[in-house]
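Take this sequence and fold it.
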Amino acid sequence: ILEAIINGLPVVATSHCGFAPYIVNAKAGETIDEPFDVEAYKTTLQKVCADRDFYSENGIAFGKSAGLFDGINTVCDWIEARN
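Model (predicted):
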């Protein structure tokens, strides 16, 4: 899901999905509530498709600014600080 978001592919997932906070924070798609409702899914999917450019731009910007790829640097800095 994160790969889709940062590559500009809008996402639709349930609100219980572990990545739901990323989807919401990035404004890179929409979440639907549980229990799953096919009509809510269809409506949400249509909304995301209609506003694809909006969600796509947001996802790409999120990928550039969220620090998603800083993990290795953080760990290396921590290890070096302990030596």
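
roughly how far apart are the spatially most central residue of the chain and residue 33?
Geometric centre of the chain, nearest residue: residue 23, 3.3 Å, by C-alpha atoms, centre = their mean. Look at residue 23 and residue 33: by C-beta to C-beta, to the nearest Å, they are 13 Å apart. Glycine gets a C-beta too; all of them are placed from N, C-alpha and C.

Kindly report the same for residue 74.
For residue 74 relative to residue 33 (C-beta to C-beta), the value is 34 Å.

element containing residue 13?
strand 11-14 (DSSP states H and E).

packing partners for that strand?
Counting contacts by 3 or more C-beta pairs under 8 Å, 6 or more residues apart in numbering; DSSP states H and E, strand 11-14 is packed against helix 20-26, strand 29-32, helix 38-50.

Pull the distance from the helix or strand of the chain with the lowest mean pLDDT to the chain's centre.
Across the helices and strands of the chain, mean pLDDT, DSSP states H and E gives its lowest value to helix 71-82, namely a mean of 83. Mean-position distance between helix 71-82 and its chain equals 26 Å (C-alpha atoms, centre = their mean, to the nearest Å).

Repeat that for stretch 69-79.
22 Å.

How about stretch 36-44?
Worked out by C-alpha atoms, centre = their mean, stretch 36-44 lies 19 Å from the chain centre.

Report how many residues lie close to residue 74.
Residues within reach of residue 74, counting by other C-beta atoms under 10 Å, total 10.
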